[in-house]
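Peer 1: okay, predicted coordinates and the sequence, questions at the end:
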Amino acid sequence: MRSAALAFPVAAPSGRLLPVWRADRICTSAVHGGDTAEAARPTGHDALDAELPGGGWPVAGLIELLLARPGCGELRLLAPALAPLTQLWVAPPFVPYAPALAALGLAPARLVVATPDDAADAGWAAEQALRSGTLGAVLWWQGQTRAATLSATLRRLHLAAEEGRTPLFALRPAATRVQASPAPLRLALEAAGPSRLAVEVFKRRGPPMAASLELRLPGPLHRSGHRAASHAPTPVTREDHAVVCPAPERAAA
Amino acid sequence: MLWFALHLNGLPLEAWLATADRADGPDARPCCVVEARRVVQADERAAAAGVEPGMSAATAASLVCGLQVLARDPARESAQVERLALALSRFTPALVRQPDGVLLEVAASRRLFGGAQALWRAVRAEARAAGVRSLRMAAAPTATAASVLARVEPPSPSPKRLSVSQRLDALPLPGALVAWGHGTRLAELLHGIGCRVLGDVRGLPRTGLQRRGAAALLDVLARAHGEAPDPQPWYELPRRFELGLELLHRADDAAMLVFATQRLVQPLAGWLAQQWLAAARLTLVLRHETSVRHARPDTVVSLALGDPTRDAAQLMLLLRERLQRTVLPAPVYAIRLQLDQAVGHAGHEAPLWRERGAGAGSGEDARALFDRLAARLGPEHVQRPVLVADHRPERAMRMSPAQQTPAARREDLVPRAPRPTWLLNVPTRLAEDRGSGRPLYQGTPLALASRAERIEAGWFDGELVSRDYHLAQACDCRWLWVFRERRGAQAQWFLHGFFG
């Protein structure tokens, strides 16, 4: 099932061959307009790429990342893909600490942080940035957006992201998983151990995932020469990056 | 030489209505302009009800219920022509301002604006955007000819291919004489000898006309036909840009001022374009109604641009965002726009390929976006981080306005020791577990995962920091950055960040 199947062509009324996505396979090409432009950008994690339609983060549209709480490794997950892009972060929960981001490869010069006073302005700022199409990516934290306007906000942001051909990473609380969303790609992230992140792609253009994915992220000690006393991290190789496990397991502290 | 003449045939009324957006006002009433108690001009609603120029003001008021009677105001008319001249100065430096129109010498501008036809359309669109609704335009090789053609030539549905000389000869004589300011005596004389159009006058013997007091007319005709020099008094741009506008109705809401502001931004854009400048700082002053008892200071809306521009649409977008956030303490009756700082600007280089987000966010589009965000959210809410050489974690970074050009990457400022991606503004105090001496987070003791990293700095500026930083792991597997304060009577634990 994991072998990403090529969408097989069928003849359109015009006689042109159109790729058709069959729902039991992972979609491998851009669905919109059949354009041949790059449809996805590698995430930097091979195991995750294999699970995502197109083999990476979509280059346009809304991508939802649901976090139990901020700080579980979301930035380390996104850093490889975001590193070459100009980004706008809208309403982050804390101060993004630029020295640490620089160590992750996110240059401070490519980062602009907008901290509006209220959630309506945050939605407006994200939408403007997406529509302008001049940025590489927009990150938006849902924060205190009112539940009544949330669904409309998400839909508007998704349309703006598609129109501006810009990816929008929406970081939302895990409790919103049960709510409907216009995002074609939704992921739930949870810390699953020291420097391990359980990723469940629970909505995608493809079949449901059988088991959640456990990615090994660079730990806080990754760059430095320090070694932790309690658990020495094993050297991370590329093959070792991911382990597929039957169920997300919560490691007790 | 190629002259475009613009004649504002609705000037008395438009000078009054320039500040009011007539289309959307539910309170838009029929109105007319009167001078010496005679109607000079009436708008469409009043004209439909039978109000005509020359009618007495009392008759007009009796014809239309709720007619708004405005006194003709030469100062407003002059200001309207001035705004138009400023806005049009982006097309050519050679302008002539007339009491009811503008002349442009555009021979040298044709190539830049894509030919005479395209320039003609651009000038017309600019005049429309400047609030000129009824406009007559003409083009001719001399200023005098263009000017008289715009004023007198009857509009023809199918323009015939005639030379300017033929078109001048076909002009009706009374209208041309009025446009050139000749007396009625000459008109009667020429009418009496059978002259109906200008061409008839040209056929008469010159000496006889000169003796009968038509020397000035012959002179003007020679200038119109290009047979005599036709010097014009050029319009000189003001050295500083400062333009005011009185509103027709007082504005209670800042959003109502947007339309009037547009009337000032367009002249500004023309003024800037002519001098190859771009606006860097602007001030919009809103004047409030004052009475003897309540003297209210003006509301000042200032705008600083990260990406200096002379694009009217961009300036308007930013001013609109600022105005919509402005709360007015009292109704506004006049506004004034002044340019505080301008920078030389020869235009943007166009990219060979359109890059998408791959650059360092320094593209003009990205800077325009940050300007727009800063205009609505406030510059203090749209920032970019800058690394600072300081050992204290909270000082190793500061936020600077996003509109500034980002600093070059400094590899030596990237820390080698672990640093959290999320920093708390104020460190959170953590209780200490009595048994183990470890900090408690959400009720459970944290597992310290690294040796202490001691940071001691700030003795030189009185903000001494003396801390031992540790990596710690919470029970939900998140990495935290905690420190133990080494100063004070007893050591205390604090949480300072998360590894996101």
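Peer 2: Structure received. Residues are numbered from 1 along each chain as shown, chains lettered A, B, ... in the order given.

Peer 1: nearest residue to the closest residue to chain A within the stretch 151-300 of chain B other than its sequence neighbours?
Peer 2: Chain A sits closest to residue B:255 of the stretch 151-300 of chain B, with a gap of 15.8 Å, by CB to the nearest CB. Where you see a C-beta, it was placed from the backbone N, CA and C, and this is true even at glycine. Using CB to CB, 6 or more residues apart in numbering or on different chains and skipping residues adjacent in sequence, the residue nearest residue B:255 is residue B:324, 5.6 Å away.

Peer 1: surely the one you found meets residue B:254?
Peer 2: Yes - here residue B:324 reaches residue B:254: they are 6.5 Å apart, a contact under CB atoms under 8 Å.

Peer 1: so which of these two has more stuff around it?
Peer 2: Legend: neighbour count by other CB atoms under 10 Å in any protein chain shown for residue B:324 and residue B:254, higher for residue B:254 (20 against 14).

Peer 1: ranges for the strands of chain A?
Peer 2: A:9-11, A:17-19, A:40-41, A:57-58, A:61-67, A:87-90, A:95-96, A:111-114, A:137-141, A:167-173, A:185-193, A:196-203, A:213-216, A:242-244 (DSSP state E).

Peer 1: picking up where we left off before, doesn't the residue nearest to residue B:255 fall inside a helix?
Peer 2: Yes - counting by DSSP: H, G, I helix; E, B strand; the rest coil, residue B:324 falls inside a helix.

Peer 1: enumerate every residue touching it.
Peer 2: B:254, B:255, B:258, B:376 (CB atoms under 8 Å, 6 or more residues apart in numbering or on different chains).

Peer 1: so where's the chain shaky on pLDDT?
Peer 2: Assuming you mean chain A. A:1-19, A:28-38, A:221-253 (pLDDT under 70).

Peer 1: other chain: chain B
Peer 2: Ranges of chain B meeting pLDDT under 70: B:20-28, B:157-160, B:347-363, B:489.

Peer 1: spit out the contact partners of the residue most central in space within it.
Peer 2: In chain B, the residue lying closest to the centroid (CA atoms, centre = their mean) is residue B:265, at 2.3 Å. Residue B:265 is in contact with B:312, B:315, B:316, B:319, B:337, counting by CB under 8 Å, 6+ apart.

Peer 1: what helix or strand does it sit in?
Peer 2: helix B:257-274 (DSSP states H and E).

Peer 1: which neighbouring elements make contact with the next helix or strand after that helix?
Peer 2: Using DSSP H and E, the helix or strand that follows helix B:257-274 in sequence is strand B:277-288. Applying 3 or more CB pairs under 8 Å, 6 or more residues apart in numbering or on different chains; DSSP states H and E, one finds that strand B:277-288 makes contact with helix B:257-274, strand B:299-309, helix B:312-325, strand B:332-344.

Peer 1: one more time with 7 Å, if that's ok
Peer 2: Helices and strands touching strand B:277-288, by 3 or more CB pairs under 7 Å, 6 or more residues apart in numbering or on different chains; DSSP states H and E, are helix B:257-274, strand B:299-309, strand B:332-344.

Peer 1: deepest of the ones you listed, which one?
Peer 2: helix B:257-274 (a mean of 23; mean count of other CB atoms under 10 Å in any protein chain shown).

Peer 1: what about the helix or strand harbouring residue B:426, distance to the chain center?
Peer 2: Under the criterion of DSSP H and E, residue B:426 resides in strand B:422-432. The chain centroid and the centroid of strand B:422-432 are separated by 47 Å under CA atoms, centre = their mean, to the nearest Å.

Peer 1: relative to that strand, what are the paired strands and their orientations?
Peer 2: strand A:95-96 (antiparallel), strand B:439-441 (antiparallel), strand B:492-498 (antiparallel) (DSSP bridges).

Peer 1: now these as a markdown table including distance to residue A:27 and mean neighbour count?
Peer 2: Shown next, in a markdown table, are the strands paired with strand B:422-432 (distance: least, CB to CB, whole Å; neighbours: other CB atoms under 10 Å in any protein chain shown):
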| stretch | distance to residue A:27 | mean neighbour count |
| --- | --- | --- |
| strand A:95-96 | 33 | 20 |
| strand B:439-441 | 42 | 20 |
| strand B:492-498 | 34 | 21 |
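
Peer 1: for residue B:223, which of these is the nearest?
Peer 2: Closest to residue B:223 of the strands paired with strand B:422-432 is strand A:95-96 (CB to CB; 70.0 Å).

Peer 1: quick check: chain neighbours aside, which residue is closest to residue B:194?
Peer 2: Nearest non-adjacent residue to residue B:194 (CB to CB, 6+ apart): residue B:200, at 7.0 Å.

Peer 1: just to revisit the earlier point, residue B:123: which of the contacts of residue B:324 is nearest?
Peer 2: residue B:258 (24.8 Å).

Peer 1: which residues are in contact with the closest one?
Peer 2: Applying CB atoms under 7 Å, 6 or more residues apart in numbering or on different chains to residue B:258 gives the contacts B:320, B:323.

Peer 1: again with residue B:288
Peer 2: B:296, B:298, B:299, B:329, B:330, B:331, B:332.

Peer 1: what does residue B:38 show for phi and psi?
Peer 2: Here is the backbone geometry of residue B:38 (degrees, to the nearest 10): phi -120, psi 140.

Peer 1: mind listing what it touches?
Peer 2: Neighbours of residue B:38 in contact, by CB under 7 Å, 6+ apart: B:54, B:56.

Peer 1: mind checking how far it is from residue B:288?
Peer 2: 35 Å (CB to CB, to the nearest Å).

Peer 1: likewise for residue B:215?
Peer 2: 56 Å.

Peer 1: got it, and residue B:36?
Peer 2: Separation of residue B:36 from residue B:288 (CB to CB): 33 Å.

Peer 1: centre of the chain to stretch B:94-103, how far?
Peer 2: Distance of stretch B:94-103 from the chain centroid (CA atoms, centre = their mean) equals 22 Å.
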